[in-house]
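Novice: Fold the following and give me the result.
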Amino acid sequence: MKTIPKEFSRFDAANYLKSEEDMRLYLEACFAEDPGDGSLIRAALSDIARANSMTQLSHDTGLTREGLYKALSRDGNPEFSTILKVTRALGMKLTVTHA
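Specialist: As a prediction, the model looks like this:
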């Protein structure tokens with residue numbers, strides 16, 4: 001019997017972030033599960049940015065598209081001011097609550 005090779009595509013969370021609530025819940029989950037180095041938060045912001053429009057986000061933040069891609073990449077290490085600019089441009093705000 002001949003086996004047919006399976007084809008897999010790379011999972012991209014950005015394809016599933018259709019609403020503001022999807023994005024909010026995803027970012028909240030990444031905050032909750034982040035190992036403490038910000039990697040999940042940065043990745044979530046990258047996914048959310050790509051789900052919207054990186055070009056529009058660039059315009060809204062005043063940062064270049066290339067700068068955004070670099071800051072939010074796997075190897076990126078964005079400054080906190082960049083995180084604030086991105087979240088505000090996405091219509092989100094960071095809040096603090098007691099755990």
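Novice: check contacts around the nearest residue to residue 94 once chain neighbours are set aside.
Specialist: Distances taken as Cβ to Cβ, 6 or more residues apart in numbering put residue 87 closest to residue 94, at 5.9 Å, once the chain neighbours are dropped. Quick note: C-beta positions are derived from backbone N, CA and C, even for glycine. Residues near residue 87 by Cβ atoms under 8 Å, 6 or more residues apart in numbering: 45, 93-94.
Novice: With adjacent residues omitted, what lies nearest to residue 33?
Specialist: residue 40 (5.8 Å).
Novice: which residues does the one you found contact?
Specialist: 30-31, 33-34.
Novice: and what of residue 64?
Specialist: Contacts of residue 64 by Cβ under 8 Å, 6+ apart are residue 58.
Novice: returning to what we had before: ok, so of the contacts of residue 40, who is nearest residue 99?
Specialist: residue 31 (11.2 Å; Cβ to Cβ).
Novice: got a list of contacts for the host helix or strand of the closest one?
Specialist: In this assignment (DSSP states H and E), residue 31 forms part of helix 20-33. Contacts of helix 20-33 with the rest of the structure, by Cβ under 8 Å, 6+ apart, involve 13, 16-17, 40-41, 43-45, 47-48, 51, 90-92.
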